[in-house]
Each structure stands twice: as structure tokens, then as C-alpha cells.
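Student: Got a predicted model here, sequence first, then my questions.
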Amino acid sequence: MKPSVKLWAQRAGFVAVALSLSACSSFSWFSSSDKKVLPLPAITGSASVSAQWQSALGGKQTSSLIPAVANGKVFAAHPSGAIVVLDEKSGASVGRFQIPAGKGNVSGGVAASADMIVVGTNKAEVIALDLNGAVRWTSKVSSEVIAPAAISETAVIVLGGDGSISALDAKTGARIWTIQRVLPSLTVRSSAIPVTLRAAVFVGTPQGKLLAIDASNGAVGWEATVATPKGASELERLVDVVGRPAADGERICAAAFQGRVACFDVVRGTLLWSRDVSSLTGVLLDNKNAYSVDEKGVAQAFDKTTGGTVWKQDVLAGRRATGTALLGDYLAVQDSEGTVHLVERASGKIAGRGLGEGFISDVGMVASGDGALIQTRSGQLASVAAR
């Protein structure tokens, strides 16, 4: 089964193909007869997954807003501009703020650091607030902000829907540098999320590249290929890097739709290994393995040093994965029906599943302690854990 995915139309003559990640007009280019959804595989363990707490964010939402975690607090936004701050362990309310009127709807999710909250909007505004909700600065960028920002010691890096990567001064919001790249005719909307590591920011692109950029001046330290476009049609040639790159001290790994999972030397950008996996949820790392789920719902674990297969499990039986997280000893995979499936990290056995329709999400799962956060279509933020 190929998932329906949100796509930007970047030139006249292309229909905007959208999926569950935004409020654009949408359709699936595969008929229901093409979708083979089998009965779920049997559970071979006794694990369970449940919500530790839930908090209302302000009504239903269909946008792809992603919460953030920093210093024991959770930061989440509603498209209307409300920002909610919660205690990470209990879910108790710590604060509730509103971005200034006239700045548009929140479109890029939330980023947070030790002293700052950052959101981006569909009117190309980037807004920084202090932890008490006071506006520190606002800054205009070239287009709608499509992902949570990355925050370094000196800069806030944001991705625009026009293919731009912009760095803003963390204290003033002044523009430091911008990198502008020509987008393919079609791209997966709200795909890559930038991350900072050391003095660099790592950004996946719709052209299948992973960039290591000096956050202070915009110099590209290295550019690596995660996937290369193939096929004759625009749809076949989609190779967007998706999700948040995963890094440890030696390597950084990324995944591309209709492409590969690939790991690179974090300093030099040289390819360490790659495997042909088409993913919409990215890649995760622990101390031994790299994990990814493909577009058919098959979860795989690879030795993170060599790329060798550790295990492979058809956990979703043709259902689309919407998010993954590491929950204790398990790889958690959420499907488009809201169910979270638990796979033993060591063996690949399906140890349990739980939750359901009330937890349907279009934005994936965000690590939080030993659990994960799920921001749902119904406008709830939930902290979930495995037992």
C-alpha cells in the first residue's frame, strides 16, 4: 500500500496532492482496490501502552503541529496561536500564551530552549517568546514556516515552504543568513525537521540531500545524498528527506520517502552505510541499532555501525505508519487509526498494542522521558508510555 501524502504543487499545471498532514485540497492517487490491508499480526508478548496524562489544546486541528520538550516542560501550540506549557511528568498546566494578533496561524510547530519558545506561521512570521509568554521578537521570512525551528546558542533556524533555510539572531530576530534552493515540482509537505548539533545545523531537503550547515554563517560544511530521484513522473521522483535526523557522537542518520535510510559520518559527511527503505516517519537510534518503518508498515532494525539487518517485522500489515518512538525496551509504531504497536527492540517480536481512534495523529510521536507525546487531531496532547 502506498500512503496518501501531502504534497506541494510548485508550478502551474500540477495538482496539489495532499494527505493527512495539512489542510490543502487532497486526494489519494491510488484507488482503494490498490490498498491491501491484512489482519494485524498476533501479539507474542504481554506489554501494553497507555496514556499517562492528556491535556486539551483548544479544539480540533488538522495541521501538522509538533510539540517540543525542554527542561522538564512540554510546549505545544494550536493553529489559532495558543501556546500551552505543561509539566512533562504530570501534564499539569504551567502556562498558556497567545501569539500576537495578525501574525497568522501557527504552521511550523513549536521549538523551545532553556529560555525561549519559537513558533512559525503561515504568514511567514517567526515569533520568539520568553518562558513567561512575553514576545521577545518577531521576524519576517520569505514564506510560510513548515517545520519546528532549530535553536542553537546564537541562532534560530527555520525552513520555509519555498525551499529557504533562514537563520535569525536568537537575541534580536535579525536575519543572519539565508540559503535558497529551487524546489522540485512536487514535495512532501511538512517533511524534514532541522536539528542542531555542536555548532552545526543539519537539514534534510526535498531533493534527497542532508546538509550540515555552520549555524553562525550559513556555510555548508558538507552535503550528502540520502536518496536519488528515479522514475519518469514527478510522483515517482519524490525523494524528500523526512522527519528529524537522528544523531549520536559519531554518525547522523536520515530517511527519505521513496529512497533510503542512510547514516553518515557526522564530521565529514561520508556515507557509512545505507539501506533501501521508503519511509515517511524517519529514523531512530539507540546504543545499538537504527530503526525505521517503511510505507507498507514493515519495521526494521539495522546495526547502526554496519547497516546489517538485525530484524524485520511486518508490524502494521499494510497500514500507514504515522509516527515512531522508543518507549522503554520497545519500538513504538503508531498507525493511521491511532493504534500504537510495541515491538521488542532486541528481538523484533510484537509485544503489545493499545490506544486507538481517540489518539489519531498526523504529526508523529515526540520522545519525552521514557515515553512519548502524541498531539491528536481532536486537539489533545497525550503523554503515553509502555508497560
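Tutor: Nice, thanks for sending it over.
Student: Would you mind measuring from the residue sitting nearest the centre point of the chain to residue 326?
Tutor: Nearest residue to the geometric centre of the chain (Cα atoms, centre = their mean): residue 243, 3.6 Å. The spacing between residue 243 and residue 326, counted by Cβ to Cβ, to the nearest Å, is 14 Å. The way it works is simple: take the backbone N, C-alpha and C, and place the C-beta from them, glycine included.
Student: what does residue 248 give?
Tutor: 13 Å.
Student: Neighbour count for those two, which is higher?
Tutor: residue 326 (20 against 14; other Cβ atoms under 10 Å).
Student: contacting residues for residue 100?
Tutor: 127, 135, 138 (Cβ atoms under 8 Å, 6 or more residues apart in numbering).
Student: Now which of those would you call buried?
Tutor: residue 127 (16 or more other Cβ atoms under 10 Å).
Student: Make CSV from the contacts of residue 100 and add distance to residue 357 to it.
Tutor: Below are the contacts of residue 100 laid out as CSV (distance: Cβ to Cβ, whole Å):
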residue, distance to residue 357
127, 33
135, 38
138, 38
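Student: As TSV, the contacts of residue 100 with secondary structure and distance to residue 252 would be great.
Tutor: Compiled in TSV, the contacts of residue 100 are given as follows (DSSP: H, G, I helix; E, B strand; the rest coil; distance: Cβ to Cβ, whole Å):
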residue	secondary structure	distance to residue 252
127	strand	29
135	strand	33
138	strand	31
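Student: Let me know the closest of the contacts of residue 100 to residue 186.
Tutor: residue 127 (29.5 Å; Cβ to Cβ).
Student: The closest one against residue 110, yeah?
Tutor: No. Using Cβ atoms under 8 Å, residue 127 is not in contact with residue 110; the gap is 10.6 Å.
Student: Need the residues touching each of these two.
Tutor: In contact with both residue 127 and residue 110: 118-119, using Cβ under 8 Å, 6+ apart.
Student: any idea where the strands of the stretch 251-387 of the chain begin and end?
Tutor: 251-256, 261-265, 271-275, 283-285, 289-293, 299-303, 309-313, 321-327, 330-335, 339-344, 350-355, 365-368, 371-375, 380-386 (DSSP state E, counting those that start in this stretch).
Student: Show the subsequent helix or strand relative to the one helix or strand residue 95 maps to.
Tutor: Here residue 95 sits within strand 93-98, counting by DSSP states H and E. Next along the chain after strand 93-98, taking DSSP H and E as the criterion, comes strand 106-112.
Student: chain center to the next helix or strand after that following strand, what's the gap?
Tutor: Downstream of strand 106-112, the next assigned helix or strand under DSSP H and E is strand 117-121. How far strand 117-121 lies from its chain's middle: 16 Å, per Cα atoms, centre = their mean, to the nearest Å.
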